[in-house]
Each structure stands twice: as structure tokens, then as C-alpha cells.
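A.B. asks: model the structure of this input:
(one chain, ligands or ions: 1)
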Amino acid sequence: MTSPRSLFTPRNVLFLSTEVYPFAKTGGLADVSAALPQALCKLGHDVRVMMPQYGFIGEKKQKIYIVNRLQGIEFEIAGKYIVSNIKSSAILTNKTRIQIYFLENEEYFHRLGLYVDPVTGEDYPDNDERFLLYSLAALEMCKRLLWKPDIIHCNDWQGGLIPALLKGPFKDDPFFKDTKVVFTIHNLAYQGNFPAETFAKLGLPPEFFTPEGMEFDGKVSYLKAGIAYADAITTVSQTYAEEIRTPEFGFGMEDMLTKRKLDLHGILNGIDILVWDPENDINIARPYNTDDFEEGDFSAKEACKQDLCFDMGIPYTEGRPVLGMIARLIDQKGFDLVAAILDKILEADAQLVILGEGDKKYLELFTRLQAIHPEQIGIYFGFHDNFAHKIEAGSDMYLMPSAYEPCGLNQMYSMHYGTIPVVRKTGGLADTVIDAGTAKDRQRPEHSHPTGFTFEEYDPRAFWKALSRALRIYREDKPLWRQLQINGMKKDFSWDRSAIEYGQVYEKILKQPKSHLKQQPGTTIPLSSLQEGS
Ligand code: ADP
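C.D. replies: Purely as a prediction, here's the structure:
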């Protein structure tokens, strides 16, 4: 049999992500950016990752060291003379070693927030310049290392300038002659839109600032630049790849995405089972695995529930359902639906635990509700990795009533931990959770291994209908409940499958002639890159 490793020519892949676990994380992108490079590396690719060195990243703790030839990188950005260094560390497992490069620049990145000022709660006003520097430094780094990337894989709006730079000022640069770009959208709602004046800072030809290019309602859009100029665009589930071509989910980018639909691919994220594994998770009270469940031993999961209740300050009662949520407290995640059915949840004698940080309105709402119902609602506001693992293991059900969800990782973590997801059927949630259905439904082959509960309309009644079904089966049909748990734990959400699909996209675009995308005339680079060795 052909091994996945021999399916592909080994490629040099520069993976650009502005958050990578465990160095910096605001959401799922960080998890993806640690795990996908490892899975690509297992296929034989030489993958190197680059991210900014934020102010909270400790050099000693993360074993970050100086790389001589990456010191003193100079650019002119918005009329300012900017000097940066690139340093290096690695993510090591017993099978892979991924080189991680850190862009160090005091002025732009030595801050406590990634994109948003934690004090004001507003986006940093110079985000346009910060991620311009990041993009230019990434290209410069390859040159200084004399390491030609076959693929530059950039993620979200922060990496959207790279394809534009390569189709513009770097178009005739022999170093990048054979380089192709993949642009992955993890969430279309975050677009990196800046005032028109930003365009003058970028050194791109004027025709790039048009509706066919990166202009978006008169603004400069880094996300749109990525969509317009990348050789391939991917997003993180098949369903989301279709949804974003509609006005409901497209956030104004639907026409551009439809135009590029032949180059748009939906590839489902995986989960990192070295980090998220109930059998080897040091964060949880007691480890467990599928064998335990198949032998009818649920005691370790119950111990995790007890521990979770203790940590969240709510009383533990055997047989009383605990519903978990870990999410940024934003509208997307369906907290208004949770608030709308909270009375019913409480009446049903369930308990709710929430871990999150975000919008003030949700902080205030849930603080108030917790004060009224301290026995049934447990909340931790903030970012807490250890609690996230405890919630996945200790809850009976996991709620994800999202308005939209590009992929979603938590529902997959839940299933892997034998925790039943109750989700809205959208994006990656639709692609990963199979509804319990009726006994008749479960006879259909595609429905024979259900893992959770789903609903379609973004509406409190629909959500409650799904959740009340779940609560009834939890209380009245233990054999089915146990089966759902075991089905979920046995599902293969490993990155290996997705990495093969990314490998196929890489091969496809590497075979395409450069003329595949309408070429845009290049210009000279106005930014003085004064390094040696390029
Ligand atoms: P998104 O990327 O939209 O935030 P995902 O479900 O794809 O949503 O991924 C969210 C990731 O961030 C998960 O690993 C989740 O556990 C983690 N996470 C979100 N909020 C918190 C928090 N407050 N504390 C710890 N982990 C969190």
C-alpha cells in the first residue's frame, strides 16, 4: 500500500500564522497553526512557521534564540525606518520538529494584545502597518535563509497581503519565481479593513486598489487581497466553503468568492490528539478512554465532572446534567440563544458552566444570572487553558448554538472526550456532528453512528427542542446516550486526513502556470530592504 508520505513530492512550506499554540492563542487558529504544520511535516514537507513575538512571549520559557543572519532587518514603513530581528524556537514531538520563527519588533509587536488593545478593547490603530511589516519580513526571511518556499501558506487577513505582494512588487523577483500561495480563511467576519490612506503604505500598483482587487467599499481590505491574489483559497469546512458564497454568510465577500469558486476548497480542521486526549490529559482529574466506556466504566469521567463542579463553585449531584461552553463571548457563538432559553435550562434542573472572555454585555448578563442562580451557573471569565480541558472532560453536554461556525474545534474536542455536543447545523458543526435522530433514522447507513444533537433555525425554540431531546435521552435512555459517547470518541478527527488534502491543493497549484491568475503589472518596491544576502 502507498504510504501517505510517498504520495507527495516533499515541499518547502512557509506557514504564516499570527497565533500558534502554545506561544499565543486567541482562538482555534492557534491550535490549527501548531497541529497542521506537524501533520504536513509527517508527510515529508519541510514546514516552517513564522509569527510575531508579542510582548508576553518569554524568550527563556519558550527557548527562543537569536539567528545571526536574521538580525537587523530594515524596512521603511509609512515613512518610518523600522529595524526588526527574527528569532527562532521549535515545536518538538517524538515524530516531528517544526521550526518557529518569531518576528521581534519593539514598536509594533512588544504589546500584550495580539490584534486588540486589552486596555481599550479597540483594534490597535496601526494594525495595517504591523501586518505589513510581518508580511515583508516573512519574504525577507526566506531570502536571508536562502530557503525558497514552494508554498507560502498564509492564514486570515493578517496574512492577506502576501499574495498581493507576490503578484505585485515581487512579481519579477527570481527568488519567488516558483512560489505559490495558499490563503486559508478561518473566519470571514474578520477582514482587516483599513482606510483608503493605508493603500499608499503598501507599495502595491494602483490597479490593486479596485473592486476587482483589494478595495472593499472604498477601504483597503487585507482579507480581500488574500482572496483576490492567492493561487488557491481554502476554508476550514466544506459547508462553510459553500455558505460563504451566499450573502447571509459572505460578509460582503460573496461575489469575490464566487468568482474564485474553482480555486476555493473546503478542508475540515482536525484536532491535535497529543494536546486533546482524555487518556493522557494532565489537566483533568482522571484519565479515561473508549475501552473504559465500552466496558461500562464511566467512573473516571464522573470524577472529572465532580472536579469541574468543584472548580466552578457549583454543587455536584450524580445524574444532574452539566452543560459546558468555552468560547469567545461574542454574538457569533449564540450566547443570546443561551440567554433566551436559560429559564428552561434551570427548570430542567441542569447546570451550566461557561468559560470565556469578550463582549461586556455578555459578561454583565452572565454575572447577573450567576448571582441569582449560584448553584446552577458556574462561570470563569478569562482565558484559561486548564479549565478548557476540564470542561471538555467534565461536562455531559457541550453547547455550540453558533450563528455561523467556519469549523469549530470544541465540538470535536467534546466528542473525543465522550461529551455530547448540541450544535446548530452550520459550517463545520454540520460537517462533524451527526444527530441522534429517531430509531428509524439510525437504521440509515449515513445515520448509523450518531454523535450528538443538531438544530437548523437560529431560534431559541429550535435550540431548546434539540437540547430538551438531549436532556431526555440523557435521563431516560442511557444505552443510547452511552452509544453516542462511544461513537463520538471513536470518530477520526486526526489532522492526517486534512494534511493530505492540503498536500493535494499544494500540488494542484504548483502544476498551474503562473498565468492562471490574471497577472497584474508589477511595480518597483518602494520599501528599502537594505539587508545583505538577498
Ligand atoms: P474560534 O476559533 O471561533 O474561537 P474554535 O471552536 O474553532 O472557535 O476554537 C476555539 C479554541 O479556543 C478552542 O481550543 C477553545 O478551547 C479555546 N478557547 C476559547 N476561549 C477560551 C478561553 N476563555 N479559555 C481557554 N480556551 C479558550
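A.B. asks: across the sheet, point out what pairs with Asn12.
C.D. replies: Assessed by DSSP bridges, Asn12 has beta-bridge partners Asp46.
A.B. asks: interface residues of the stretch 251-400 of the chain facing the ligand?
C.D. replies: Residues of the stretch 251-400 of the chain found near the ligand, taking C-beta under 6 Å from any ligand atom as the criterion, are Ile326, Ala327, Arg328, Leu355, Gly356, Glu357, Phe383, His384, Asp385, Ala388. Backbone N, C-alpha and C define where each C-beta goes, glycine included.
A.B. asks: most neighbours of all the residues you listed, which one?
C.D. replies: Going through these with other C-beta atoms under 10 Å as the criterion, the one with the most neighbours is Ile326, at 27 neighbours.
A.B. asks: residue contacts, that one?
C.D. replies: For Ile326, the contacting residues are Ile354, Leu355, Gly356, Phe387, Ala388, Ile391, Glu392, Asn410, taking C-beta atoms under 8 Å, 6 or more residues apart in numbering as the criterion.
A.B. asks: for it, list each beta-bridge partner.
C.D. replies: Leu355.
A.B. asks: quick check: which element contains the closest residue to Tyr108 other than its chain neighbours?
C.D. replies: Taking C-beta to C-beta, 6 or more residues apart in numbering as the measure, Tyr108 lies nearest to Arg130, with 4.5 Å between them; neighbours along the chain are not counted. Arg130 is part of helix 127-144, with elements assigned from DSSP states H and E.
A.B. asks: who in the stretch 401-534 of the chain is up against the ligand?
C.D. replies: Remark: the part of the stretch 401-534 of the chain in contact with the ligand comprises Cys407, Gly408, Leu409, Asn410, using C-beta under 6 Å from any ligand atom.
A.B. asks: ranking these by neighbours, who comes first?
C.D. replies: Using other C-beta under 10 Å as the neighbour test, those are led by Gly408, with 30 neighbours.
A.B. asks: which non-adjacent residue is nearest it?
C.D. replies: By the measure of C-beta to C-beta, 6+ apart, the closest residue to Gly408 outside its immediate chain neighbours is Gly428, 4.8 Å from it.
A.B. asks: is it true that that neighbour touches Asn269?
C.D. replies: Yes: using C-beta atoms under 8 Å, Gly428 is in contact with Asn269, at 6.9 Å.
A.B. asks: the two: which is more packed in?
C.D. replies: The residue with the greater number of neighbours, taking Gly428 and Asn269 and applying other C-beta under 10 Å, is Gly428; the counts read 28 against 25.
A.B. asks: show me what counts as buried in stretch 472-482.
C.D. replies: Buried residues in stretch 472-482, counted by 16 or more other C-beta atoms under 10 Å: Ile473, Tyr474, Trp481.
A.B. asks: now tabulate these in CSV and tack on secondary structure and pLDDT.
C.D. replies: Compiled in CSV, the buried residues of stretch 472-482 are given as follows (DSSP: H, G, I helix; E, B strand; the rest coil; pLDDT from 0 to 100):
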residue, secondary structure, pLDDT
Ile473, helix, 98
Tyr474, helix, 98
Trp481, helix, 97
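A.B. asks: and of the residues you listed, the nearest to Pro278?
C.D. replies: Proximity to Pro278 was ranked across these by C-beta to C-beta; first place goes to Trp481, at 17.1 Å.
A.B. asks: secondary structure element for the residue nearest to Gly408?
C.D. replies: Assigned by DSSP H and E, Gly428 belongs to helix 427-432.
A.B. asks: ok so, going back, confidence score at the residue nearest to Gly408?
C.D. replies: Looking at Gly428, its pLDDT is 98.
A.B. asks: same deal with Ser3?
C.D. replies: At Ser3 the predicted local confidence, pLDDT, stands at 61.
A.B. asks: again with Leu527
C.D. replies: On pLDDT, Leu527 comes in at 35.
A.B. asks: same question for the one 5 residues further on.
C.D. replies: Glu532 is assigned a pLDDT of 32 by the prediction.
A.B. asks: which residues touch Pro315?
C.D. replies: Taking C-beta under 8 Å, 6+ apart as the criterion, Pro315 is in contact with Cys309, Glu375.
A.B. asks: what do you get for Leu399?
C.D. replies: Counting by C-beta under 8 Å, 6+ apart, Leu399 has contacts Leu323, Gly324, Met325, Gly334, Val338, Pro421, Val422, Val423, Leu467.
A.B. asks: the last one: helix or strand, and which one exactly?
C.D. replies: Which is Leu467. Assignment of secondary structure by DSSP H and E places Leu467 within helix 460-476.
A.B. asks: now swap in the fifth one and tell me
C.D. replies: In this assignment (DSSP H and E), Val338 forms part of helix 335-340.
A.B. asks: put the alpha carbons of that helix into PDB.
C.D. replies: Extracted in PDB, the C-alpha atoms of helix 335-340 (Å, rounded to 0.1, in the frame of the first residue of the first chain):
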ATOM      1  CA  PHE A 335     -24.900  33.400  23.700                       C
ATOM      2  CA  ASP A 336     -28.200  35.300  23.000                       C
ATOM      3  CA  LEU A 337     -29.900  31.900  22.300                       C
ATOM      4  CA  VAL A 338     -28.400  30.500  25.600                       C
ATOM      5  CA  ALA A 339     -29.700  33.500  27.500                       C
ATOM      6  CA  ALA A 340     -33.100  33.100  25.800                       C
END
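A.B. asks: from the middle of its chain, how far away would that helix be?
C.D. replies: Relative to the centre of its chain, helix 335-340 is centred 23 Å away, using C-alpha atoms, centre = their mean, to the nearest Å.
A.B. asks: buried sites along that helix?
C.D. replies: For helix 335-340, the neighbour count (16+ other C-beta under 10 Å) marks Phe335, Leu337, Val338, Ala340 as buried.
A.B. asks: quick one, what contacts Leu223?
C.D. replies: Contacts for Leu223 (C-beta under 8 Å, 6+ apart) come out as Asp156, Trp157, Gly160, Ile185, Leu188, Tyr190, Gln191, Gly192, Asn193, Phe216, Met253.
A.B. asks: give me the beta-bridge partners of the fourth one?
C.D. replies: With DSSP bridges applied, Ile185 shows beta-bridge pairing to Thr235.
A.B. asks: okay, now it: neighbour count?
C.D. replies: 26.
A.B. asks: that one reaches Ser237, doesn't it?
C.D. replies: No: checked against C-beta under 8 Å, the pair Ile185 and Ser237 is beyond contact range at 10.8 Å.
A.B. asks: anything in contact with each of these two?
C.D. replies: Common contacts of Ile185 and Ser237 (C-beta under 8 Å, 6+ apart): Pro406.
A.B. asks: which residue ranges of the stretch 51-200 of the chain form strands?
C.D. replies: Read by DSSP state E, counting those that start in this stretch, the stretch 51-200 of the chain holds these strands, from start to end of the chain: 65-66, 73-77, 80-92, 97-104, 151-155, 180-185, 193-194.
A.B. asks: same question but for the stretch 251-400 of the chain, I mixed them up
C.D. replies: For the stretch 251-400 of the chain, applying DSSP E, counting those that start in this stretch gives strands covering 264-266, 322-326, 351-356, 377-381, 397-400.
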